[in-house]
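Peer 1: sequence unknown, structure follows:
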């Protein structure tokens with residue numbers, strides 16, 4: 001048994017700070033809610049709850065939004081988080097075109113903008129600033145559409161970001177233009193707000209846990225299959241980052257003894273075979289070895305072949321396309337089963353460009369579920385498809401920014417399970 005170490009004893013001021021944090025988070029997770037319900041649920045005296053609520057209202061974190069009947073038939077003022085207190089800019093650099101959104105303090109998207117292609121620009125920071133300015137009609141005053149004050153910026157990147165969400169250094173294998181960029185300094189200096197940088201797959205996992213397919217789960221694995229392959233891991237409600245911030249590099253998974261000879265350059269062994277680019281490359285090679293419906297779909301031009309065409313051919317029974325899909329499913333199943341065996345998550349969520357392919361359930365999801373059911377020696381977790389789609393990255397980025405801002409003010413939260 002490990003003893004709990006504390007740096008100081010709890011006086012009345014610290015106890016009030018703890019109560020304020022716990023009450024704030026309770027309102028955030030259960031709104032609309034009223035004072036008596038908070039006191040009953042948290043076991044805090046009614047006068048103490050009222051004092052905290054008045055302070056939160058005075059500071060602009062909570063608002064009264066109306067009157068509603070309570071469980072006992074009386075009427076009470078409803079309490080909600082004040083979404084108008086501030087706005088955060090959320091950025092997802094991994095999509096075909098950079099997705100940027102202004103979000104309120106509940107993480108709801110207020111306005112969005114589709115910007116530049118990450119692979120097309122060598123002036124990434126300048127392009128990003130231009131796109132953010134598009135959402136800031138009054139940049140000098142730091143306000144977003146509707147007049148809400150800009151409070152923070154969070155950037156999701158297809159890369160490892162170091163040991164903290166505010167990391168200064170970005171390390172990436174797929175996008176050389178990101179290497180070493182310092183968004184925290186560049187964007188922080190320009191806009192005068194905190195800037196957070198995190199791997200976008202981790203952010204997608206965070207979003208799915210908060211408002212997507214993994215809602216009400218605290219141990220989650222999110223698997224992104226796009227041009228790269230990565231895993232976002234949530235343990236006990238928190239993003240697991242690893243010792244150097246590089247957890248979840250699933251694309252570099254080695255499967256089989258022969259894969260030990262693989263020397264990665266900008267792609268990992270699994271990415272080379274099971275990413276969207278890997279599917280296209282292997283299908284193009286198969287087209288040159290015999291007649292295939294895939295050739296008809298791309299007008300016999302391998303440069304026009306897409307993963308969607310491969311799936312369309314597979315759904316129509318084309319043997320070459322079916323072989324490519326089956327091999328891809330086997331690769332992904334092996335990686336996902338190993339994740340399940342190591343992490344024992346409550347749910348695995350599939351996301352990325354994979355989820356846009358025709359025949360997703362028949363060709364990919366059902367076979368992966370079947371493989372997990374056969375190979376896992378305990379009850380295999382559900383394997384679901386992302387409920388947030390292309391918005392997962394920006395919603396996760398907004399959640400990172402909001403949580404980081406509020407945790408500095410409200411650091412205490414009740415555990416989801418008894419300690």
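Peer 2: Alright, I've got the coordinates. Because the structure is a prediction, the values reported are computed rather than measured.
Peer 1: residue ranges of the strands in the chain, please?
Peer 2: 62-69, 75-81, 87-92, 99-103, 109-114, 150-157, 195-199, 220-225, 229-235, 238-239, 347-351, 383-385 (DSSP state E).
Peer 1: For residue 307, which of these is the nearest?
Peer 2: For the strands of the chain, proximity to residue 307 was assessed by Cβ to Cβ; strand 220-225 is nearest, at 9.9 Å. Heads up, the C-betas are built off the backbone N, CA and C, glycines and all.
Peer 1: Out of the strands of the chain, flag the one nearest residue 402.
Peer 2: strand 87-92 (6.1 Å).
Peer 1: ok, the closest one: who's next to it in the sheet?
Peer 2: Sheet pairing of strand 87-92 (DSSP bridges) gives strand 99-103 (antiparallel), strand 150-157 (parallel).
Peer 1: now the longest one: mean pLDDT?
Peer 2: What that stands for is strand 150-157. Averaging pLDDT along strand 150-157 yields 93.
Peer 1: the inter-axis angle of that strand versus strand 195-199?
Peer 2: Taking axes from the mean of the first three to the mean of the last three Cα atoms, to 10 degrees, one finds strand 150-157 and strand 195-199 inclined to each other by 20 degrees.
Peer 1: Determine how far strand 150-157 lies from the middle of the whole chain.
Peer 2: Computed by Cα atoms, centre = their mean, to the nearest Å, the chain-centroid distance of strand 150-157 equals 13 Å.
Peer 1: and what of stretch 185-193?
Peer 2: 23 Å.
Peer 1: Mind checking the strands of the chain for the one nearest to residue 40?
Peer 2: Once the strands of the chain are compared by Cβ to Cβ, strand 75-81 is nearest, at 11.9 Å.
Peer 1: which helices and strands sit right next to the closest one?
Peer 2: When contacts are defined as 3 or more Cβ pairs under 8 Å, 6 or more residues apart in numbering; DSSP states H and E, strand 75-81 packs onto helix 12-30, helix 35-42, strand 62-69.
Peer 1: Output those in JSON lines; the columns should cover mean pLDDT and mean neighbour count.
Peer 2: What follows is the helices and strands packed on strand 75-81, written out as JSON lines (pLDDT from 0 to 100; neighbours: other Cβ atoms under 10 Å):
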{"stretch": "helix 12-30", "mean pLDDT": "88", "mean neighbour count": "16"}
{"stretch": "helix 35-42", "mean pLDDT": "94", "mean neighbour count": "16"}
{"stretch": "strand 62-69", "mean pLDDT": "87", "mean neighbour count": "13"}
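Peer 1: Quick check: which of these is nearest to residue 118?
Peer 2: Per Cβ to Cβ, nearest to residue 118 of those: helix 12-30, 32.9 Å.
Peer 1: Mind listing residues that contact the closest one?
Peer 2: Identification of contacts with helix 12-30 by Cβ atoms under 8 Å, 6 or more residues apart in numbering yields 8, 10, 33, 37-38, 41-42, 44, 48-49, 51-53, 55-56, 61-62, 79-81, 106, 406, 410-414.
Peer 1: how about 10 Å then?
Peer 2: The contact list for helix 12-30 (Cβ atoms under 10 Å, 6 or more residues apart in numbering) reads 8, 10, 33, 35, 37-39, 41-42, 44-45, 48-49, 51-53, 55-56, 59, 61-62, 79-81, 105-106, 210, 402-403, 406-407, 409-414.
Peer 1: swap in stretch 374-384?
Peer 2: So stretch 374-384 is contacted by 208, 212-214, 217, 219-223, 333-334, 336-338, 340-341, 343-351, 364-366, 368-373 (Cβ under 10 Å, 6+ apart).
Peer 1: Write the ChimeraX selection for whichever of those residues are buried.
Peer 2: In ChimeraX, the members of the contacts of stretch 374-384 classed as buried (16 or more other Cβ atoms under 10 Å) are selected with the following command:
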select :208,212,213,214,217,219,220,221,222,223,333,334,336,337,340,343,345,346,347,348,349,350,351,364,365,368,369,371,372
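Peer 1: from the contacts of stretch 374-384, which ones fall inside helices?
Peer 2: 208, 333-334, 336-338, 340-341, 343, 366, 368-373 (DSSP state H).
Peer 1: List the contacts of stretch 285-301.
Peer 2: In contact with stretch 285-301 (Cβ under 10 Å, 6+ apart) are residues 280, 283-284, 302, 304-306, 308-310, 312-321, 323-324.
Peer 1: can you do 8 Å?
Peer 2: By Cβ under 8 Å, 6+ apart, stretch 285-301 touches 283, 302, 304-306, 309-310, 312-313, 316, 318-321, 323-324.
Peer 1: Can I have the buried ones of those as a ChimeraX selection?
Peer 2: Under the burial definition 16+ other Cβ under 10 Å, those of these that qualify are selected in ChimeraX by:
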select :283,305,306,309,310,312,313,318,320,321,324
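Peer 1: from the contacts of stretch 285-301, which is closest to residue 193?
Peer 2: residue 306 (39.6 Å).
Peer 1: Test my guess that that closest one contacts residue 283.
Peer 2: No. If you go by Cβ atoms under 8 Å, residue 306 and residue 283 don't touch, sitting 9.1 Å apart.
Peer 1: Common neighbours of the two, please.
Peer 2: Joint contacts of residue 306 and residue 283 (Cβ under 8 Å, 6+ apart) do not exist.
Peer 1: on that earlier part again, okay, who's weakest in the contacts of stretch 285-301 by pLDDT?
Peer 2: Among the contacts of stretch 285-301, pLDDT bottoms out at residue 302, giving 89.
Peer 1: Could you measure from that one over to residue 309?
Peer 2: 11 Å (Cβ to Cβ, to the nearest Å).
Peer 1: From residue 190, how far out is residue 126?
Peer 2: Residue 126 is 11 Å from residue 190, by Cβ to Cβ.
Peer 1: Tell me which of those two has more neighbours.
Peer 2: Neighbours per residue, other Cβ atoms under 10 Å: of residue 126 and residue 190, the larger number sits with residue 190, 15 against 12.
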